[in-house]
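[1] For reference, the sequence and a predicted model appear below.
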Amino acid sequence: MPISSTAHIRIVSSFFGWNDPGAAFTAIVQVGTMLALLIYFINDIKNMIKHFVLSILYKKINYSIESKHAWMILVGTIPIVICGLIFKNAIETYLRSLYVISTTLIVLALFLALAEKMAKKTKNVKDVSWLESQIMGIAQALALIPGVSRSGVTITAGLFSGLTREAAARFSFLLSIPAVFASGMYELWEVRNQLNSDGFFVIIISTLVSGIVGYLSIAFLLNYLKKHSTFVFIYYRIILGLLIILFLALGWLSP
C-alpha cells in the first residue's frame, strides 16, 4: 500500500509505548513482502530472467521487452543501494522521528494528488522508457526516508511519467524486488551475531505475517487501481500525518 509500512511500524510502537524496533528489523521483515512479490509476479519474473540471460548471450539489452525491463530494474536499483549505504546512519536514527514521518506522509500525499490531477495516465508497462524507469528508480531512493513509502513515491513518479495507475503500481512492485531483497539480506547479516533464539523466532513470525499481508495487499491494490484513483490513500496519509502532529503536540506520542 502507498502509505509507508516503515511509518506504521514506527507509529504503532510509539503509540503502545514500545521501543522502536529499528530500521534493521523493518528491512528484514520486508523480505516477507519480497517473497509475496516473487509469488505474485512469478511468471513475469521467470520471463525477465530468461530474456535477461538471452540479452547477455546475444549482447543486446533490448533483445525483448522482458530483457529491457530486467535491465531497467537492475539499473534502477542502483540509486537506492548507493543512498542506503551513504545515509545508513541517518536512516536508522533521526529520520525515524515522528516529526519527520508526519511531514513525509503529508508531503508525499500532496505530490501524489498533484500527479493524479496532472498526469495523462495513458501508458502501459510495455511503454516504460529508460528515462521513466530511472526516474522511478531515483524516486525509490527517497523511500529510505520513513513515511515516504516505496510504492507511494514510485507510483507517483510513474503517474508523472504518464503511466496508468495499474501500470505504475505493477512496475513499482517489480522495481522494488531487488532493493527489498538486498536491504533485508544486508541487515540480517549485520545483526546475525545479536540474534538469539527468541529474536530469530520473532523475525520469522513477523516476516511470515508481512508476506501474507503483502500478497493480499498487492492483489488488492492492482485490482483497485484498475477502476479507482489513489485518493483514498492520499486522504488517509494526510489525516494520519495531521493526527501524529496533534498527538505529538499534546504529548500523547513520543517523537
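    Everything's here; your move.
[2] Next, residue 20: phi, psi?
    Taking degrees, to the nearest 10, you get phi -60, psi 120 for the backbone angles of residue 20.
[3] Could you do residue 163 as well?
    Backbone phi and psi, for residue 163 under degrees, to the nearest 10, turn out to be phi -70, psi 150.
[4] Would you confirm that it contacts residue 171?
    Yes: under the contact definition of C-beta atoms under 8 Å, residue 163 touches residue 171, with a separation of 7.0 Å. C-beta: built from backbone N, CA, C; applies to glycine.
[5] Common neighbours of the two, please.
    Shared between the contact lists of residue 163 and residue 171 (criterion: C-beta atoms under 8 Å, 6 or more residues apart in numbering) are residues 125, 128.
[6] Can you give me the buried ones in the longest helix seen in the chain?
    In the chain, ranked by residue count with DSSP state H as the criterion, the top helix is helix 197-224. Neighbour-count burial for helix 197-224, with 16 or more other C-beta atoms under 10 Å as criterion, is recorded at 203, 206-207, 210-211, 214-215, 217-218, 221-222, 224.
[7] So in this protein, where's the weakest helix or strand by average pLDDT?
    Between all helices and strands in the chain, the lowest mean by mean pLDDT, DSSP states H and E belongs to helix 22-29, at a mean of 76.
[8] Show the subsequent helix or strand relative to it.
    helix 31-40 (DSSP states H and E).
[9] picking that back up, who does the helix or strand following the longest helix of the chain touch, helix- and strand-wise?
    Scanning forward in sequence from helix 197-224, with DSSP H and E defining helices and strands, the next element found is helix 231-250. With contacts defined as 3 or more C-beta pairs under 8 Å, 6 or more residues apart in numbering; DSSP states H and E, helix 231-250 has these neighbours: helix 98-118.
[10] Just list what the helix it packs on packs against, helices and strands only.
    Helix 98-118 is packed against helix 5-15, helix 150-160, helix 231-250, with contacts defined by 3+ C-beta pairs under 8 Å, 6+ apart.
[11] Tell me who's in contact with the closest residue to residue 125 other than its chain neighbours.
    Once flanking residues are discounted, residue 125 sits nearest to residue 167: 4.7 Å by C-beta to C-beta, 6 or more residues apart in numbering. Residue 167 is in contact with 123-125, 127-128, 158, counting by C-beta under 8 Å, 6+ apart.
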